[in-house]
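Colleague: Everything below, folded, please.
(3 chains)
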Amino acid sequence: MTTLMNLALETTSLSKTFTLHGRGGLQLPVFSGIDLAVHAGECLALTGHSGSGKSSLLRCLYGNYGATGGDVRIQHQGEWVSLSKAEPRDVYDVRRRTMGYVSQFLRVIPRVSTLDIVADPLRRLGVSAEEARARAAQWLQRLNLHEHLWHLPPATFSGGEQQRVNIAHGMIADSPVLLLDEPTASLDADNRRVVVELIQAARAKGCAIVGIFHDDEVRNAVATRCFDVEQFKNPL
Amino acid sequence: MKSQVLLSARQVGKSFVHQGQPRWACRGVSFDLYPGEVLAVVGESGSGKSTLLRLLAARHACDEGSVHYDVQTESGNEPTGMVNLAGMSEARLRWLARTDWGFVEQHARDGLRMNVSGGANIGERLMALGARHYENLRGEAIAWMQRVELDTGRIDDLPATYSGGMQQRLQIARNLVTHPRLVFMDEPTTGLDVSVQARLLDLLRELVDELQLAAVVVTHDLAVARLLAQRMLVMKDGCVVEQGLTDRLLDDPQHPYTQLLVSSVLTP
Amino acid sequence: MIDSNYNFAFLDERTKKRIRRALLKAVAVPGYQVPFGSREMPFAYGWGTGGVQITASIIGRADVLKVIDQGADDTTNAVNIRRFFALTTGVKTTEKTAEATLIQTRHRIPELPLTASQILIYQVPLPEPLTKLEPSRQETIKMHALSEYGLMHVRLYEDIAQLGAITRAYDYPVMVNERYLMSPSPIPKFDNPKMHMNPALQLFGAGREKRLYAIPPYTPVRSLDFEDHPFEIQRWDHACALCGSVDSYLDEMIVDDEGSRLFVCSDSDYCEERRDAGHVGGQQAVHLHDALATPVINSTTTLQEAA
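Modeller: All right, here's what the predicted structure looks like:
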């Protein structure tokens, strides 16, 4: 039985509806009334068909999307922070120190080398440039990214290579909470295995994970429980 | 996460008279800026963003509301802490603008002295503060030129001989030499060639990061906002229609105008 | 001699009073430019109307007036102004610095040290030292008010950067009483040290620009410089050809088609006094090739030095 002390992330009656003003105020409800509770060491897999709002939910947890209703709260530096109500700089602080995010598509600062992109979350935590790059190198090596790619900006990489940069970037800081959006979608079997190992290792360290895993095998290997987002889809 | 507010705008507004009626170039703008935060003010022509920037930098007086700045350095009987800029003596404002603030103009020629060399441009603020050692001044100028990736061999050349991108870099160096805590930027990359823009943005991003600068950046380019700013204000017809986290505003815009802006951006 | 159609010293008494008031203000704030109602004078702008108005406002029947232009009493400008005052005041004039109570000058300070009972009046073309750097008068007024003089040092920095040294040879900017930046008028920088702690009252008048300023007696006056490029006065390798002086400001005159140069004291009275006292110079023009190689005085010494 998990105790309240381990609770890392929770949502209360979370709902999301898009309003397209350019389309005459068309409303697109995504989900409503979601109550989530994620504890340290858990890996919660969001399930549901494509378009059921899994990615949107993840983005709401990250603060990238605003919640239409309800609240997202996260344990940050020993206190509960409401991401919906927090000031931008506080959200940034939460992301920097407490929450890692591996997005589905790589969106990084152009013209920065892969190594520096991966090292950046550590730099933001005050780690020296040298050490940050060294640890970034380790991660890239683990994910089988050739060394000659490290000093190149990842814009021209293949989908799978970009995804691996994403994973390294999202996981390198050992955040207490980790959000993963289709982390293995473009990867071959070998790299999928590496990522599974990385996720399991993070979980073993007490990380609370919420993820979307399109691949059944991967999901079975990492998830401790599943959450069906589709049932919270708001009928029109 | 308690830290002192650096710049505070409280219901700031400026009006002018047009055909006998008052018209508000900018009205009701409020926000608190903290050290190290970058705020982008985006909007199209006529949105009031440039007017807002000038009000914040005390180049115009507010017709409504007030702007407050956290003054750190003591000076005689002048107060420290959050001071209303309207109540500040002109001498103190000018001193502030030369030391703790920077202002990067859209056109470098408005922010540089075009009739003295690059080195003199960089050294001017130091000389204004009493620096009197020629070689030291030159050393500082060289160091800053390197920092903004300018060829130090051009230190004695007039800015008119620099390219547009180089002039902007020189302007940046000239502003940062006194380690300001707050930098105002008015469309810093607009008008430059794309590749030059890109490199300049990279430089700005690095400098802001390294020097922990707070900045208010006026731009019509959402990509610049995404790259440089954690926070964003969207302005239309003098009002702020939406404000918040940059990535949230760009990925999940709520206000109709913000949605329109975001959907209008061309992506190659 | 005195022309009774004019008021004493040409200006009406009201005008003199106003100018004296402005002068008092100027003396109270050393180096600060005081605007004044410059009057139409019987000669054009650029010919010393500012200096003349100051002299006219303070000259009294017991004064002794000396007028010099580039150090000489016998040049056109000096002669004209002296005659003007003779005509309108009947006051005694002189060419001897030691005898004068008022000295009006264009572009030089007399070599002979002045005393507390003398007043030096300078003719000034452009009173604003920042004028070429900051064209806006409003802005320069602010800069003076707020003591924002960084720009002047920018100019000096620029000189060193472009030319290797501060090359300003005249109208060299000074700080008066460590407060106001001042243009000393186009006197050679050689003369700048004379302004410092001078027992005489120094008044400056710009007629066209309608401003006057002052340095009270015993006021600190410092020429601007950099710590590692200190202020230096001009020096010559030659002595005056007429009196042999090595301490005075020398005029360089080309005397023939080969470019031979004669070096002579600019201060004509100073030179004459020395000659009267028995000093004699080399009396020689210096030939061009000589001028570039060896100095006139002590040619034997230089040969020894070269050895």
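Colleague: ok, residue C:240 touching residue C:283?
Modeller: No. Judged on CB atoms under 8 Å, residue C:240 makes no contact with residue C:283 at a distance of 10.1 Å. Bear in mind the C-beta positions are built from the backbone N, C-alpha and C, glycine included.
Colleague: Those two: which is more packed in?
Modeller: Per other CB atoms under 10 Å in any protein chain shown, whichever of residue C:240 and residue C:283 has more neighbours is residue C:240, with 28 against 9.
Colleague: burial of residue A:204, as a residue count?
Modeller: The tally of other residues near residue A:204 (other CB under 10 Å) stands at 9.
Colleague: for residue C:286, that is, sorry about that
Modeller: Here the count is done by other CB under 10 Å, and residue C:286 has 22 residues near it.
Colleague: what residues are up against residue A:219?
Modeller: Shown here is residue A:219, whose contacts under the criterion CB atoms under 8 Å, 6 or more residues apart in numbering or on different chains are A:45, A:47, A:213, A:226.
Colleague: Of those residues, grab the buried ones for ChimeraX.
Modeller: Of the contacts of residue A:219, the buried ones go into a single ChimeraX selection, burial set by 16 or more other CB atoms under 10 Å in any protein chain shown:
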select /A:45,47,213
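Colleague: Which one of the contacts of residue A:219 is nearest to residue A:113?
Modeller: Minimum distance to residue A:113 across the contacts of residue A:219 is 29.5 Å, recorded for residue A:213 (CB to CB).
Colleague: Do you know the pLDDT at that closest one?
Modeller: On the pLDDT scale, residue A:213 is placed at 93.
Colleague: leaving aside the residues next to it on the chain, what's closest to the residue nearest the centre of chain C?
Modeller: Using CA atoms, centre = their mean, the residue of chain C that lies closest to the mean C-alpha position is residue C:108, 3.1 Å off. By the measure of CB to CB, 6 or more residues apart in numbering or on different chains, the closest residue to residue C:108 outside its immediate chain neighbours is residue C:71, 4.1 Å from it.
Colleague: will you turn the contacts of residue A:219 into JSON lines that also has secondary structure and distance to residue B:178?
Modeller: Shown next, in JSON lines, are those (DSSP: H, G, I helix; E, B strand; the rest coil; distance: CB to CB, whole Å):
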{"residue": "A:45", "secondary structure": "strand", "distance to residue B:178": "54"}
{"residue": "A:47", "secondary structure": "strand", "distance to residue B:178": "57"}
{"residue": "A:213", "secondary structure": "coil", "distance to residue B:178": "53"}
{"residue": "A:226", "secondary structure": "strand", "distance to residue B:178": "57"}
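Colleague: right, and the pair among the contacts of residue A:219 with maximum separation?
Modeller: A:213 and A:226 (9.6 Å).
Colleague: Please enumerate the shared neighbours of the two.
Modeller: By CB under 8 Å, 6+ apart, residue A:213 and residue A:226 have these common neighbours: A:45, A:219.
Colleague: quick one: the strands in chain A?
Modeller: Counting by DSSP state E, one finds strands in chain A at the ranges A:7-20, A:26-39, A:43-47, A:69-76, A:79-82, A:99-102, A:177-181, A:208-212, A:225-228.
Colleague: Same check on chain C?
Modeller: Under the criterion DSSP E, chain C contains strands at C:34-35, C:64-69, C:92-93, C:102-106, C:119-123, C:174-176, C:180-182, C:201-206, C:211-215, C:221-223, C:250-254, C:261-265.
Colleague: same check, this time on chain B
Modeller: Assigned by DSSP E, chain B shows strands spanning B:7-18, B:21-33, B:38-43, B:64-71, B:81-84, B:101-104, B:182-186, B:214-219, B:231-236, B:239-245.
Colleague: What average pLDDT does the longest one get?
Modeller: By that I understand strand B:21-33. Strand B:21-33 carries an average pLDDT of 93.
Colleague: Correct me if wrong: the residue nearest to the centre of chain C contacts residue C:267.
Modeller: Yes. Here residue C:108 lies in contact with residue C:267, judged by CB under 8 Å, at a distance of 6.7 Å.
Colleague: what's the overlap in contacts for the two?
Modeller: Both residue C:108 and residue C:267 are in contact with C:68, C:71, C:249, where contact means CB under 8 Å, 6+ apart.
Colleague: Which single one of those residues is nearest to residue B:112?
Modeller: Nearest to residue B:112 among the shared contacts of residue C:108 and residue C:267: residue C:249, at 39.2 Å, using CB to CB.
Colleague: and the closest one, how many neighbours does it have?
Modeller: Summarising burial for residue C:249: neighbours were counted as other CB under 10 Å, giving 22.
Colleague: Check residue A:194 too.
Modeller: 16.
Colleague: residues from chain A in reach of chain B?
Modeller: Within chain A, the residues that sit near chain B (CB under 8 Å from any CB of the partner chain) are A:18-22, A:59, A:63-66, A:88-93, A:109-112.
Colleague: which of those residues are buried?
Modeller: A:18-19, A:59, A:63-66, A:88-93, A:112.
Colleague: Now, those residues that are in helices?
Modeller: Members of these lying in helices (criterion: DSSP state H): A:59, A:88-93.
Colleague: export those to JSON lines and tack on pLDDT and distance to chain C?
Modeller: Conversion of those to JSON lines gives the following (pLDDT from 0 to 100; distance: CB to the nearest CB, whole Å):
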{"residue": "A:59", "pLDDT": "93", "distance to chain C": "51"}
{"residue": "A:88", "pLDDT": "91", "distance to chain C": "38"}
{"residue": "A:89", "pLDDT": "90", "distance to chain C": "35"}
{"residue": "A:90", "pLDDT": "92", "distance to chain C": "41"}
{"residue": "A:91", "pLDDT": "94", "distance to chain C": "42"}
{"residue": "A:92", "pLDDT": "92", "distance to chain C": "38"}
{"residue": "A:93", "pLDDT": "93", "distance to chain C": "40"}
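Colleague: Between which two of those residues is the distance greatest?
Modeller: A:59 and A:89 (19.6 Å).
Colleague: what's the pLDDT at residue 189?
Modeller: No chain was given, so I picked chain A. If you check residue A:189, the pLDDT there is 92.
Colleague: Not quite, go with chain C.
Modeller: Model confidence at residue C:189, given as pLDDT, is 94.
Colleague: Equivalent analysis for residue C:291, please.
Modeller: Taken from the predicted model, the pLDDT recorded for residue C:291 is 51.
Colleague: Then residue A:126?
Modeller: According to the per-residue confidence, residue A:126 scores 88 in pLDDT.
Colleague: From residue B:176, how far out is it?
Modeller: When CB to CB, to the nearest Å is applied, the distance between residue A:126 and residue B:176 equals 23 Å.
Colleague: These two: which has the busier surroundings?
Modeller: Under the criterion of other CB under 10 Å, the comparison of residue A:126 against residue B:176 puts residue B:176 first, with 20 against 7.
Colleague: list the contacts for the residue lying closest to the more buried one once chain neighbours are set aside?
Modeller: Distances taken as CB to CB, 6+ apart put residue B:102 closest to residue B:176, at 6.2 Å, once the chain neighbours are dropped. Residues touching residue B:102, when contacts are defined by CB under 8 Å, 6+ apart, comprise B:172, B:175-176, B:180, B:182-184.
Colleague: ok, of these, which one's closest to chain A?
Modeller: Of all those, chain A sits closest to residue B:182, with 15.1 Å by CB to the nearest CB.
Colleague: my guess is the closest one meets residue B:99, correct?
Modeller: No. With contacts defined as CB under 8 Å, residue B:182 does not count as touching residue B:99, sitting 10.8 Å away.
Colleague: more neighbours, those two?
Modeller: Taking other CB under 10 Å, residue B:182 and residue B:99 do not tie; residue B:182 has more neighbours (22 against 17).
Colleague: which non-adjacent residue is nearest that one?
Modeller: In this structure, residue B:182 finds its nearest non-sequential neighbour in residue B:214, 4.8 Å apart by CB to CB, 6+ apart.
Colleague: Distance check, the one you found against residue B:6.
Modeller: From residue B:214 to residue B:6 the distance is 5 Å (CB to CB).
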